[in-house]
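A.B. asks: sharing a model that was predicted from the sequence below.
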Amino acid sequence: MNESTQWVSARREQNPAYAFRKPSFSPLTDRSKPHFLNGFSTFQILYQIMANTKQAQKYIRKTATRTDRSRAVRSRLRTLAKKIKTLAEQPEEAKKVATEYASALDKAAKRNIIHTNTANRHKSAISKYLFEAAK
């Protein structure tokens, strides 16, 4: 155990913020494992190492929650876009999905998950795509 590992271990034992989960290694120093995070999310690592106050810990938790929600919305947008591309031969179905996609884009833009101009650009591109496919 080198000097920096001992210091990290000693700090972990003293700080109550580290009490919720004590890893068997220091994520900053033990890189001998295949992936040095070993199942810990980035937010868990930040929570354990960087957060020095209760407010900082809460902010890290809030960021993790928001990230998960935003990731789900973006995934839904990508799924709807792919669905429209596959339904190009069926114009009625494609129109229904396009309406749903435009609505999802507007909601994501309203919640600042994507930029408003990005939403408008995607809606324009989809309408052009459907117009070309209908010819």
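C.D. replies: It's in. Small disclaimer: the values here were computed from a predicted structure and weren't measured.
A.B. asks: now do the strands in this protein.
C.D. replies: For the chain, applying DSSP state E gives no strands.
A.B. asks: by mean pLDDT, which helix or strand of it comes out lowest?
C.D. replies: Ranked by mean pLDDT, DSSP states H and E, the helix or strand of the chain with the weakest confidence is helix 3-14, at a mean of 54.
A.B. asks: what sits against the closest residue to Arg111 other than its chain neighbours?
C.D. replies: Counting by CB to CB, 6 or more residues apart in numbering, the nearest residue to Arg111 once its immediate chain neighbours are dropped is Val73, at 7.7 Å. The C-beta positions use only the backbone N, C-alpha and C, and glycine is treated the same way. By CB atoms under 8 Å, 6 or more residues apart in numbering, Val73 lies in contact with 104, 107-108, 111, 113.
A.B. asks: export these as TSV, with columns for distance to Ala125, pLDDT and neighbour count.
C.D. replies: Shown next, in TSV, are these (distance: CB to CB, whole Å; pLDDT from 0 to 100; neighbours: other CB atoms under 10 Å):
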residue	distance to Ala125	pLDDT	neighbour count
Ala104	15	97	18
Lys107	18	96	15
Ala108	15	96	21
Arg111	21	95	11
Ile113	18	94	19
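A.B. asks: just the ones in helices from these, please.
C.D. replies: Mapping these onto helices (DSSP state H) picks out 104, 107-108.
A.B. asks: adding distance to Ala94, write the residues you listed out as TSV.
C.D. replies: TSV is the format used below for the ones in helices among the contacts of Val73 (distance: CB to CB, whole Å):
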residue	distance to Ala94
Ala104	15
Lys107	20
Ala108	20
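A.B. asks: that'll do, ta.
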